[in-house]
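Chemist: any chance you could fold what I've pasted below:
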Amino acid sequence: MTFSIPQQPKVLVVGNGAREHAIAWALRQSSHDVTLYAAPGNAGIADIAACVNITVDDVEGLVEFAEKEAVDLVVVGPELPLARGLADRCFEKGIRVFGPELAAARLESSKAFAKSVMAAACVPTASYQTFTDAESAKAYVHQCGAPIVVKADGLAAGKGVVVADTVEEACAAIDEMMVGAKFGASGTTVVIEQCLRGEEVSMMFFVDAHTAVPMIPARDHKRVGEGDTGANTGGMGAFAPVPGFVESGMVEVVQQRIISPLLNELKSRGIQYRGVLYAGLMMTEDGPFVIEFNCRFGDPETEVVLPLLDSDLLEILWAVTDDSLADVSIRWKPQKAICVVLASPGYPEQPRTGGEIQTGDATAGLIFHAGTRRVQGTLLTAGGRVIVCCGVADSFATARDIAYADADAIYFEGKHFRRDIAGSLK
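Modeler: Got it, this is the predicted structure:
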């Protein structure tokens, strides 16, 4: 390594979901004896890190804590603090931070901005139009017909996308977003785009000023019901790697046609990207098309990708902040991973929380907490997605058995989850 990590480095992980639990878990495996903090964390993260009661949107509170505790590295999990400029404030204060600056984070916080950058960079993506008026948007839907995709422009916790099978469904989604303010200010502008057909793949890249290094390709399951039915969610499960994707050379195709042109276009606008760049892809007959970009680790993809990492995550994150990513060897285990999300009753529309969680004999695989809290020693549900059960093995079949053994062992009232994650993969 051309960079130096201090002894017993202090690392602050920002976030409170299963993604952040997976990040914290991976950092705990580091050879560098990390002193780990999480803000605000959750009941599972509290077992491996010191949790501090600072919300993810309290940018000044997070920066003040990092200064006070002389934190060596801030690792940002969710999109909201990035969209509010947490990385920029850390830069201003001289605090090392893993996560893109506000200008780069607009790739996720504004779908209209992302589309404009893709158009300039000639990145393959669905044809689209952007609207700020509901009647004009509905007229466009009637003109195009269905199926068609309606997206809230801003952040909507992974729920601001409606794949409408009928014109009526699309118009109802427009009214919910633009008239009914279902997602607040995030829905005052909508992007309406062509419905792409194919299989989805999630590709995440570690990115510094000079280098973009791919992670293992994953696939998540967004729909709440088995057979990919029902409402879109933040994700009900995932698996990695995607069979045949690496072997067919598709990672290189994605890097050459999508990631490199996009990063070059950002640089031409004076925007330097550092952190994780997530590309949600649709594998069409004409090759990979971008569905969306995210400016951070995906969730639940992180819960299957990081358990397959065979390198020191701290060294990778540090190298990104030091623009020395090319000097780090990033290795992956030749195994398979599957994760299953246990959700609260009513999720995704109106999740009911506060129920007691009994973990039973859930010790087969990795357990990442998503929406949990502990009150007077009792573990309670505290979010729509509650716990993520992950299995890692030499085959998908064994990894699936491990994940579902834990999913069945954990109990809370109204628990629901999909039993078809990774389908019949062997």
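Chemist: and the contacts of the helix ranked longest in the chain?
Modeler: For the chain, the longest helix by residue count, based on DSSP state H, is helix 396-409. Residues from elsewhere that reach helix 396-409, judged by CB atoms under 8 Å, 6 or more residues apart in numbering: 239, 335-340, 342, 359-365, 367, 389-393, 417, 419, 421-422, 425-426. Yep, even glycine has a C-beta here, placed from its N, CA and C like the rest.
Chemist: the residue lying closest to Gln194 once chain neighbours are set aside: how many residues sit nearby?
Modeler: The shortest distance from Gln194 to any residue other than its chain neighbours is 4.0 Å, reached at Ala126 (CB to CB, 6 or more residues apart in numbering). Per other CB atoms under 10 Å, the neighbour tally for Ala126 reads 19.
Chemist: same check, this time on Leu325
Modeler: Burial of Leu325 is recorded as 22 neighbouring residues (other CB under 10 Å).
Chemist: you'd agree it is up against Ala319?
Modeler: Yes. With contacts counted by CB atoms under 8 Å, Leu325 reaches Ala319, the gap being 4.8 Å.
Chemist: pull the number of nearby residues for Ala231.
Modeler: If you count neighbours by other CB under 10 Å, Ala231 ends up with 13.
Chemist: ok so it is a helix residue?
Modeler: No. Counting by DSSP: H, G, I helix; E, B strand; the rest coil, Ala231 is not part of a helix but strand.
Chemist: that one: what's it in contact with?
Modeler: Ala231 is in contact with Lys159, Arg223, Val224, Pro348, Glu349, counting by CB under 8 Å, 6+ apart.
Chemist: what's the separation between it and Lys222?
Modeler: Using CB to CB, to the nearest Å, Ala231 is found at 9 Å from Lys222.
Chemist: how far does the helix or strand where Leu380 lies sit from its chain's centre?
Modeler: Taking DSSP states H and E as the definition, one finds Leu380 inside strand 378-381. Its chain's C-alpha centre and that of strand 378-381 lie 24 Å apart, by CA atoms, centre = their mean, to the nearest Å.
Chemist: measure Ala66 to Cys122 for me?
Modeler: 39 Å.
Chemist: who has more neighbours out of these two?
Modeler: Ala66 (26 against 12).
Chemist: name the SS class of the residue nearest to the more buried one when sequence neighbours are not counted, please.
Modeler: Nearest residue to Ala66, sequence neighbours excluded (CB to CB, 6+ apart): Ile95, at 5.1 Å. Going by three-state DSSP, the secondary structure assigned to Ile95 is coil.
Chemist: repeat that for Val290.
Modeler: Under three-state DSSP, Val290 falls in the strand class.
Chemist: how many residues are close by it?
Modeler: When neighbours are counted by other CB under 10 Å, Val290 registers 23.
Chemist: how about it: what's its closest non-neighbour residue?
Modeler: Nearest in space to Val290, with sequence neighbours left out and distances taken as CB to CB, 6+ apart, is Thr125 at 4.4 Å.
Chemist: doesn't Asn42 belong to a helix?
Modeler: No. Counting by three-state DSSP, Asn42 is not found in a helix; it is coil.
Chemist: show me what contacts the closest residue to Tyr411 other than its chain neighbours?
Modeler: Leaving aside its sequence neighbours, Tyr411 sits nearest to Gln358 (CB to CB, 6+ apart; 4.6 Å). Remark: with contacts taken as CB under 8 Å, 6+ apart, Gln358 is in contact with Leu379, Ile410, Tyr411, Phe412.
Chemist: between those residues, which sits nearest Ser329?
Modeler: Ile410 (36.6 Å; CB to CB).
Chemist: quick one, what contacts the spatially most central residue of the chain?
Modeler: With the centre of the chain defined as its mean C-alpha position, the nearest residue by CA atoms, centre = their mean is Gly298, 1.9 Å away. By CB under 8 Å, 6+ apart, the contact set of Gly298 is Arg19, Ser202, Met204, Ala218, Asp220, Gly235, Tyr278, Gly280.
Chemist: so what's the residue count around the residue nearest to Ala66?
Modeler: Counted with other CB under 10 Å, the burial measure for Ile95 works out to 20 neighbours.
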